[in-house]
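**Q** Sequence first, predicted model second:
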Amino acid sequence: MSVRRLADASVQPAAFAFDRANTAWAKAQIKKYPKGREQSAVIPLMMRAQEQEGWVTKAAIEHIADMLDMPRIRALEVATFYTQFQLKPVGTKAHVQVCGTTPCMLRGSEDLMAVCRSKIHHDQFHTNAAGTLSWEEVECLGACVNAPMVMIFNDTYEDLTPKRLEEIIEAFEAGKGESVKPGPQIARVYSAPVTGLTSLNDNKAAAQKPVAKKSAEPAVKAQEKPTMAKAAAPAALASIPKAAPVPKAASVKAANDGKPELLAKPRAGKGDDLKLIWGVGPKLEKMLNGMGIWHFDQIAAWGKSELAWVDERLEGFKGRAARDEWVKQCKKLAKGWRPESAVGEKPGRKGSE
């Protein structure tokens, strides 16, 4: 493991404090641990400090150690051990983490690093002249089938070419990072085969066609090399009928029928802060506003069909609204509930009434 040290004193701030919302969140995290075990919250607290400041400062490490009543050297050991913590200032608009593990390396990650050296700085962990961009090489980012890839803050950008990475970096530098769609940068859905489906792609007619009984397949000749495409299915599976796929159009139609109340602009010229909904950040708030959703009471009025209508249009965040119980949260938020009034609770969590 490489030696990791704190940034020079010249760039270290004199003090650190969590903002109001993060202070409430940190106290709630500490309460999750039994008495005498509160120090176990050190990693989530450091991650939240990094999200607030952009990197983990010496003052933040000391502040968190004091909050947890642990020796400062112990907190420093944690910060310098885990490479997820940035110990030096990173780009204010983008910190590009380039995966250099074998699958990405075989598919061109070295060319991506060359782009970073050209567009940002020759060396890792250094910002560009404006302080807006920085980069580093990291280990596996977990989407090897979509190699090569990078991560910028919390989003990954996959199936990259050097030219595409240049475009992404330029977009972030221009303050237009939200316009770049995360995930694969080619025409594929998530991690689907890049050459198209090779299985589970039977059409409805084929699925409804009766399956004839097959006689036992002859043994493979010695000189033939069986492949996945030619391998014979076991006789026991040959008689199992294939289920017809659900027509995609049906779900779209159902979603269109449940269109919720949408507004051309927020009431009184100002919308609610939708980021108070647990699980909603600036990007999701912008997507909701773009649909015409500005207020908590709009979301609180959704039924299943309205929820499905919105979910169809949350590209990249499908299932988030139901999973995080937006409707239940907004019923409370619309009545004036705020996170500060019940430390650490999310609006939809059982027991927060």
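**A** That came through fine.
**Q** in the stretch 251-353 of the chain, which spans are helices?
**A** According to DSSP state H, counting those that start in this stretch, the stretch 251-353 of the chain carries its helices in the segments 282-291, 296-300, 304-313, 320-323, 326-333.
**Q** so which of these comes closest to Lys31?
**A** The closest of the helices of the stretch 251-353 of the chain to Lys31 is helix 326-333. By C-beta to C-beta, the value is 20.6 Å. Every C-beta, even on glycine, is put in place using the N, C-alpha and C of the backbone.
**Q** Counting by contacts, list what that closest one packs against.
**A** Other helices and strands packing on helix 326-333, by 3 or more C-beta pairs under 8 Å, 6 or more residues apart in numbering; DSSP states H and E, are helix 296-300.
**Q** And the helix it packs on, what does it pack against?
**A** Counting contacts by 3+ C-beta pairs under 8 Å, 6+ apart, helix 296-300 packs against helix 326-333.
**Q** still on that earlier bit, in CSV, list the helices of the stretch 251-353 of the chain along with mean neighbour count.
**A** Output for the helices of the stretch 251-353 of the chain, formatted as CSV (neighbours: other C-beta atoms under 10 Å):
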stretch, mean neighbour count
helix 282-291, 16
helix 296-300, 22
helix 304-313, 17
helix 320-323, 16
helix 326-333, 22
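**Q** Can I get those in JSON lines including distance to Leu274 and mean pLDDT?
**A** What follows is the helices of the stretch 251-353 of the chain, written out as JSON lines (distance: least, C-beta to C-beta, whole Å; pLDDT from 0 to 100):
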{"stretch": "helix 282-291", "distance to Leu274": "4", "mean pLDDT": "90"}
{"stretch": "helix 296-300", "distance to Leu274": "8", "mean pLDDT": "94"}
{"stretch": "helix 304-313", "distance to Leu274": "12", "mean pLDDT": "90"}
{"stretch": "helix 320-323", "distance to Leu274": "12", "mean pLDDT": "87"}
{"stretch": "helix 326-333", "distance to Leu274": "9", "mean pLDDT": "92"}
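**Q** so can I have CSV of these showing distance to Lys259?
**A** Below are these laid out as CSV (distance: least, C-beta to C-beta, whole Å):
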stretch, distance to Lys259
helix 282-291, 10
helix 296-300, 12
helix 304-313, 5
helix 320-323, 15
helix 326-333, 16
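**Q** Tell me which of the ones you listed sits nearest to Tyr190.
**A** With C-beta to C-beta, the closest approach to Tyr190 among the helices of the stretch 251-353 of the chain belongs to helix 320-323: 15.2 Å.
**Q** coming back round to it: which of the helices of the stretch 251-353 of the chain sits closest to Trp135?
**A** With C-beta to C-beta as the criterion, Trp135 lies closest to helix 282-291 of these, at 21.8 Å.
**Q** The closest one to helix 326-333, inter-axis angle?
**A** 90 degrees (axes from the mean of the first three to the mean of the last three C-alpha atoms, to 10 degrees).
**Q** what angle sits between helix 282-291 and helix 304-313?
**A** Going by the same axes, to 10 degrees, helix 282-291 is angled at 110 degrees with respect to helix 304-313.
**Q** What are the contacting residues of helix 282-291?
**A** Helix 282-291 is contacted by residues 178, 262, 266, 271, 274-275, 280, 294, 310, 313-314, 317, 320 when judged by C-beta atoms under 8 Å, 6 or more residues apart in numbering.
**Q** how many other residues sit next to Lys35?
**A** Residues lying near Lys35 (other C-beta atoms under 10 Å) number 5.
**Q** Repeat that for Val115.
**A** Val115 has 22 nearby residues by other C-beta under 10 Å.
**Q** Contacts only, for it.
**A** The contact partners of Val115, by C-beta under 8 Å, 6+ apart, come to Pro162, Leu165, Glu166, Ile169.
**Q** swap the cut-off to 10 Å and go again
**A** 96, 98, 135, 150, 160-166, 168-169 (C-beta atoms under 10 Å, 6 or more residues apart in numbering).
**Q** ok, now Ser134?
**A** 54-55, 86, 88-97, 116, 120-121, 123-128.
**Q** Quickly list what it is bridged to.
**A** His95 (DSSP bridges).
**Q** how about the strands in the protein?
**A** 94-99, 133-138, 150-152, 155-158, 183-184 (DSSP state E).
**Q** rewinding a little: what would the contacts of Val115 look like in JSON lines with pLDDT?
**A** Below are the contacts of Val115 laid out as JSON lines (pLDDT from 0 to 100):
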{"residue": "Val96", "pLDDT": "96"}
{"residue": "Val98", "pLDDT": "96"}
{"residue": "Trp135", "pLDDT": "95"}
{"residue": "Val150", "pLDDT": "96"}
{"residue": "Leu160", "pLDDT": "96"}
{"residue": "Thr161", "pLDDT": "96"}
{"residue": "Pro162", "pLDDT": "95"}
{"residue": "Lys163", "pLDDT": "96"}
{"residue": "Arg164", "pLDDT": "96"}
{"residue": "Leu165", "pLDDT": "97"}
{"residue": "Glu166", "pLDDT": "96"}
{"residue": "Ile168", "pLDDT": "96"}
{"residue": "Ile169", "pLDDT": "96"}
